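Compute the structure for the input listed below.
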Amino acid sequence: MPTSRLIFFPDNSEQTLDNKLLLSTLTSLQFINSDALNINHYLPGEKFLTQITFLGCSPNINLAPVKNESHCFISILDATNKTRCLGHTNTANPKCPNCKKRITNWKTDNWKKADELCLCDKCQTSTPYAELNWKQECGFARCGFEIAHIYPHEAVPTEQLLKALEQSSGFKWGYCYANN
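Numbers count the residues shown, from 1 in each chain. Now for the predicted structure:
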């Protein structure tokens, strides 16, 4: 069964970052605990809840392992030298960056390939899938991290977290939801 995730990645899909620097940044922000529970499985740190805002009246999130229940944890994504689709929601529906309208027939067999071109049915502009406006429903990048067991639109990062990531890395960060 797929795990719902909140995924963070550089705004520029060509950007990359050393995983050690990313891990160090998340640890110094106290976003994650410094010790991994398992390999690449970090529990939320002391300031996690000040850097992620949960929406709704009563989200049910386990921040620590509970027997026979899923829990929220953070993983660093393997950095690659090629941009890839990090995840998407089942309701992803991109907009054309040129005419700003939803693209009707965007889903092809190759849509998860970042450099594959998507033709807008409204203005006939061809755009790589990685450069479409996904409205946080899909993300393409070479590096990043994810929070497992966060449902789409259940939580959003604070401006403080996004600015801290930018300050540490030197570039802007975005995020998306995934349940694929």
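
quick one, domains of this protein?
5-88+138-178, 93-133 (automatic domain parsing).

mind putting those domains in a markdown table, mean pLDDT and mean neighbour count included?
Bear in mind the C-beta positions are built from the backbone N, C-alpha and C, glycine included. Converted to a markdown table, the domains of the chain look like this (pLDDT from 0 to 100; neighbours: other CB atoms under 10 Å):
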| stretch | mean pLDDT | mean neighbour count |
| --- | --- | --- |
| domain 5-88+138-178 | 94 | 17 |
| domain 93-133 | 97 | 15 |
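
and stretch 4-17, how far from the chain's centre?
The chain centre lies 6 Å from the centre of stretch 4-17; the measure is CA atoms, centre = their mean, to the nearest Å.

end to end, how far does that stretch reach?
24 Å (CA to CA, to the nearest Å).

again with stretch 7-27
So stretch 7-27: terminal residues 17 Å apart, CA to CA.

Kindly report the same for stretch 114-131.
First-to-last distance for stretch 114-131 - CA to CA - comes to 8 Å.

ok, now stretch 29-44?
Termini of stretch 29-44 sit 11 Å apart (CA to CA).

Excluding its own residues, what touches it? List them.
23, 26-27, 45-48, 51, 63-65, 71-76, 161, 164 (CB atoms under 8 Å, 6 or more residues apart in numbering).

Try it again at 6 Å.
For stretch 29-44, the surrounding residues in contact (CB atoms under 6 Å, 6 or more residues apart in numbering) are 26-27, 45-48, 51, 63, 72-76, 164.
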